[in-house]
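In: Next comes the sequence, and after it the predicted model I'd like to discuss.
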Amino acid sequence: MKTFADTVRDIVRKIPQGKTMTYRQVAAKAGNPKAARAVGTIMRTNYDDTIPCHRVIRSDGSLGSYNRGGEQRKREILTAEKAFW
């Protein structure tokens, strides 16, 4: 049986380059719209290079943290991908 975390990782893995989703949007798509904080925890502990966790941002448009170099690195990656958030 697939866990909530597995579902979240699958959703984030499918976010195309140049696009972003909010933690809340990912949670809702995973079946629990009130679990945005849980999505953040799942992304914070993600070390799988096939999961573009940098494409998940806060609902207020701010980037949030990034476990592979901080917010500035997240901004650089999204800018290089031509993502607008």
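Out: Yes, it's here. Note that the structure is predicted; figures quoted are calculated from it, not measured. Residues are numbered from 1 along each chain as shown.
In: middle-most residue in this structure, spatially?
Out: In the chain, the residue lying closest to the centroid (C-alpha atoms, centre = their mean) is Val56, at 2.6 Å.
In: if I pick that one, what's in contact with it?
Out: Applying C-beta atoms under 8 Å, 6 or more residues apart in numbering to Val56 gives the contacts Val12, Ile15, Thr20, Met21, Thr22, Tyr23, Val26, Val39, Gly40, Met43, Gly64. Glycine gets a C-beta too; all of them are placed from N, C-alpha and C.
In: Would you state the strands of the protein in chain order?
Out: Along the chain, the stretches classed as strands by DSSP state E are 21-22, 56-57.
In: Now the last one: average pLDDT?
Out: Pointing back at strand 56-57 there. Mean pLDDT, taken over the full extent of strand 56-57, equals 97.
In: Same question for the first one.
Out: When pLDDT is averaged over strand 21-22, the result is 98.
In: My guess is Ile57 contacts Ile77. True?
Out: No. Between Ile57 and Ile77 there is no contact under C-beta atoms under 8 Å: 11.8 Å.
In: I appreciate the help and will end here.
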